[in-house]
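In: Show me the folded form of this:
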Amino acid sequence: MNETCKLLGYAYPLSVRRGDSIGFYFSGIGIDRAAIEVVRVRCADPIPSGPGIKVEPIATNISGQIELREQPIQAGSHMSVGALSRHSLSDLSFACHLFPTLPGSGVQTIASQWNETKAEGWSLEIDANGFLCMVAGIAGRVWVARAEQPLRAREWSFVSGGVDFENGCIAVHQISLERRNGRDTTSWAQTTGIGLRKWSLRQGLILAGKVAGRGVGCHFNGKIDRPRLFGAPLSVHELRSLVDVNSARECGVAVAIWDMSRGITTGHVEDVSGNGLHGTLVNMPMRGATGANWDQSSMSWSEVPEQYGAIHFHDDDMIDCAWQEDARLVIPSDWRSGFYAVRMTGKSRSGQPVEGYVSFFVSAKLGERQAKIAVIASTATYLAYANITSGFDDPLREVPQEGLIILRPDTVFLYDHRELGLSTYETHKDGSGCCFSAAKRPILNMQPPGDEFNYANDTHLIDWLEEKSISYDVVTDEELHREGASLIKPYALVITASHPEYVSRQMLDALEAYQSAGGRHMYLGGNGFYWRIAFHSEISGLIEVRRGHTGTRTWEGEPGELHLSFTGEPSGTWRSNGRAPQRLVGVGFAAQKFDGSVPYRRLPESYQAEAAFIFEGVDEEEIGAFGLRGDGAAGLEVDRTDVNLGSPPNIVRLATADNLGAGGMLAEEDIPISHRGTTGDQTSDARADMVFFKTAQGGAVFATGSIAWCCSLSHNHYDNPVSRITENVLKRFVDPTPL
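Out: Alright, predicted model coming up:
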């Protein structure tokens, strides 16, 4: 285990501006003290053949020694309802429609009012063997009513549990709603003579969990639809009347009726009983989920919200560590925008030196441009990949790279600490895809020494700009999402780096408006502008993606659940949403190439007069037969032109890397019918294209179509064709002279 990972932390908000304040949250596992200092990050890639880790310490008022403790993490989602002080319960019934996804995998609580210290209250739960149970306790004595048949995974049932003091019994009831092929798990059970004296429960109710220690545990995995709480034990007839219609008001004893089809874009659940017992969602369970009454007539919750009254809970949901703050910094007015981090150094109890970083960004403020160039930090992509563990979890991971997996110590640590939250490339324990990712947690692959993807790759561009003494500002994609084209309008040039894969509609709108108004754009990456995502409207640093039925993906959303709960918009790839990347930057995702990278070769069109400035001082026909990612400038994931997808008619193909070989795997969306001939040695569609085209009002776009491009900039002490081409284009694009 890597002791660096024992110093953990996060910054919030993830991006700030001069004059803003930012909080830092630290945790030490086996470490009691650490020294902290702020550093400006120039390069986060530790690869020995590259520039190495480059950080510049900056004096601040938070520098110095701090005391550490291990701060807890409460993973698992649930709904919390405040104290029922005006509705103290004795007799009661709870009912809901239930879609369990992991019955038989430990105790899971559907709903509860439980005092763990006194072992008092009630809990409707699924026991370790998958049977529905009603649990009631008072003064340390506990009774259980257990259904006779287990619940089935991924099948809807109507379930209820009740407490009847007058008759001294507790009961549990389940009605199968999916009796296909003769399957019927309908069951009823009661436990009598329990000798309970009447209680007066006033503590809050928890849906999909139960009070455990200082937090909530026994989380439920699956969907809950139309939960209701009643102040009396309901008869079998009354319970059956609730199966098909929401007739809770007719029972006359409803304490709470939670309508989860309302407010799907929010973290609040409305109680429509009139009693005001509204719920608050914790750790972002998935809304916009199909309910028990979904009839497949629509695939969007915004069209038929009444059929989307379910919420999908997971015991490994996590969007907020909720740690105590350890330091707060006001960003000085003279700081440059850029990539920053707090460096933590200490010693383990065995005396071994330990180091860790907490990354954040200082962004240029709207209207306060300090350079002609803006680099857009792809925080949505960093979040989408945050804490990815596919090196462990994907049994086919070695196949595309045709070699052994190299596991970084941080990845090993994450494998043992899933409570730090999943990336959007993982699936939850129940097999459903993780569609949310948040900044309020330690992110171990967004810091020096960085993973060989995304954040670390983008710092190679920062390092190159610093080496060339080129002035630039940094803005984040979330700020572009929230502030629009006005944020980048003052800049002569915008640069998107190695992998701006995850983008919102607002981000695309802003970039298109910028280019249409004469802005110039250098896209120095691959697989960009690919997935349609949304940022949360109120919580900074929180994204959502739903992976559709096309695109290169690690999981696929359930039918009817491909629309974003944050906005109601369809998710999936931008190509399937009618805005393929070729419409913006001329190229779009074409292939993966993980077994090594390759060079480009110049094409005849590159010798046109209008493209002469790009190759000034470049004599080589082969460009980029070197680099830190597979020894080439074209690799990892690459893009190509396609006029049918929107590449403009005036586009100039400057160079191509169409020699990807058998390891170049054509994008899934380009293989509508399975056939041979989909690898780079058999199809020219699996290639990287370097392109240039002019846009309206003197604007222009230059794109390299390769993630590996930025990782070739530093070769031979920054003196190489990749560096020269990049500098040629940058200087000409900054020059306002018409192209």
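In: okay, Arg328: pLDDT?
Out: The per-residue pLDDT reported for Arg328 equals 98.
In: how about the nearest residue to it, chain neighbours excluded?
Out: Nearest residue to Arg328, sequence neighbours excluded (C-beta to C-beta, 6 or more residues apart in numbering): Gly23, at 5.1 Å. Quick note: C-beta positions are derived from backbone N, CA and C, even for glycine.
In: Tell me the strands beside the host helix or strand of that neighbour, with direction?
Out: Using DSSP states H and E, Gly23 falls within strand 21-28. Counting by DSSP bridges, the strands paired with strand 21-28 are strand 7-12 (antiparallel), strand 327-330 (antiparallel).
In: Which elements pack onto whichever helix or strand comes after the shortest one?
Out: Tracing the chain past strand 327-330, the next element assigned as helix or strand by DSSP H and E is strand 338-347. Other helices and strands packing on strand 338-347, by 3 or more C-beta pairs under 8 Å, 6 or more residues apart in numbering; DSSP states H and E, are strand 7-12, strand 21-28, strand 33-43, strand 54-58, strand 353-363, helix 455-467.
In: Could you identify which of those is most buried?
Out: strand 7-12 (a mean of 26; mean count of other C-beta atoms under 10 Å).
In: coming back round to it: I'd like the helices and strands packed on strand 338-347 as TSV, with mean pLDDT and distance to Phe594 appended.
Out: Below are the helices and strands packed on strand 338-347 laid out as TSV (pLDDT from 0 to 100; distance: least, C-beta to C-beta, whole Å):
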stretch	mean pLDDT	distance to Phe594
strand 7-12	98	29
strand 21-28	98	34
strand 33-43	98	22
strand 54-58	98	26
strand 353-363	96	25
helix 455-467	98	14
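In: Dump the ones you listed to a markdown table, plus distance to Gly699.
Out: Listed next are the helices and strands packed on strand 338-347 as a markdown table, based on distance: least, C-beta to C-beta, whole Å:
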| stretch | distance to Gly699 |
| --- | --- |
| strand 7-12 | 35 |
| strand 21-28 | 35 |
| strand 33-43 | 30 |
| strand 54-58 | 33 |
| strand 353-363 | 23 |
| helix 455-467 | 21 |
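In: Let me know which of the ones you listed is the nearest to Ser516.
Out: For Ser516, the closest of the helices and strands packed on strand 338-347 is strand 353-363, at 23.7 Å, according to C-beta to C-beta.
In: Tell me the strands beside that closest one, with direction?
Out: Counting by DSSP bridges, strand 353-363 is paired with strand 15-17 (parallel), strand 338-347 (antiparallel).
In: Can you spell out which helices and strands pack onto the next helix-or-strand element following that strand?
Out: Counting by DSSP H and E, the next helix or strand C-terminal to strand 353-363 is strand 373-377. On a contact count with 3+ C-beta pairs under 8 Å, 6+ apart, strand 373-377 meets helix 455-467, strand 473-476, helix 477-483, strand 493-496.
In: what's the closest of these to Ser176?
Out: Nearest of the helices and strands packed on strand 373-377 (C-beta to C-beta): helix 477-483, 44.8 Å.
In: Which one, of the helices and strands packed on strand 373-377, ends up nearest to Trp531?
Out: Among those, helix 477-483 sits nearest to Trp531 (C-beta to C-beta), with 12.6 Å.
In: got any ranges where this structure has weak pLDDT?
Out: Applying pLDDT under 70 to the chain picks out residues 1-5, 85-88, 181, 196, 245-252, 391, 394-401.
In: One more pass at 50, please.
Out: Along the chain, the model assigns pLDDT under 50 to residues 1-4, 248-249.
In: can you list the domains in it?
Out: The record's domain split for the chain, according to automatic domain parsing, is 78-313, 363-734.
In: The last one spans what distance, first to last residue?
Out: The straight-line separation of the ends of domain 363-734 (C-alpha to C-alpha, to the nearest Å) is 20 Å.
In: was I right about Asn275 contacting Val255?
Out: Yes - counting by C-beta atoms under 8 Å, Asn275 does reach Val255; the two are 6.2 Å apart.
In: More neighbours: those two, which one.
Out: Val255 (22 against 15; other C-beta atoms under 10 Å).
In: The stretch 51-200 of the chain: helices as residue ranges?
Out: Here the stretch 51-200 of the chain has no helices by DSSP state H, counting those that start in this stretch.
In: just the strands in it please.
Out: 54-58, 64-67, 78-81, 92-100, 108-115, 120-126, 131-138, 141-150, 157-164, 169-176, 187-192 (DSSP state E, counting those that start in this stretch).
In: Serialize those to CSV and add fields for distance to Ser200.
Out: Converted to CSV, those look like this (distance: least, C-beta to C-beta, whole Å):
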stretch, distance to Ser200
strand 54-58, 58
strand 64-67, 43
strand 78-81, 17
strand 92-100, 12
strand 108-115, 11
strand 120-126, 11
strand 131-138, 11
strand 141-150, 17
strand 157-164, 13
strand 169-176, 17
strand 187-192, 22
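In: Let me know which of those is the nearest to Met446.
Out: strand 54-58 (14.5 Å).
In: Which secondary structure elements does that closest one sit against?
Out: strand 33-43, strand 338-347.
In: List the contacts of that strand.
Out: For strand 54-58, contacts defined as C-beta atoms under 8 Å, 6 or more residues apart in numbering pick out Glu37, Val38, Val39, Arg40, Val41, Arg42, Cys43, Trp335, Ala341, Arg343, Pro448, Asp463.
In: Likewise for stretch 264-275?
Out: Contacts of stretch 264-275 (C-beta under 8 Å, 6+ apart): 79, 81, 86-87, 248-249, 254-260, 262-263, 277-281, 284, 287-288, 301, 305, 308, 311, 537, 565-568.
In: What's the PyMOL line that selects buried ones from those?
Out: If you want just the buried ones from the contacts of stretch 264-275 in PyMOL, going by 16 or more other C-beta atoms under 10 Å, the selection is:
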select buried, resi 79+81+87+248+254+255+256+257+258+259+260+277+278+279+281+284+287+288+301+305+308+311+565+566+567+568
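In: Quick check: buried residues in the host helix or strand of Met665?
Out: Assigned by DSSP H and E, Met665 belongs to strand 661-666. By neighbour count on 16+ other C-beta under 10 Å, the buried set for strand 661-666 is Gly663, Gly664, Met665, Leu666.
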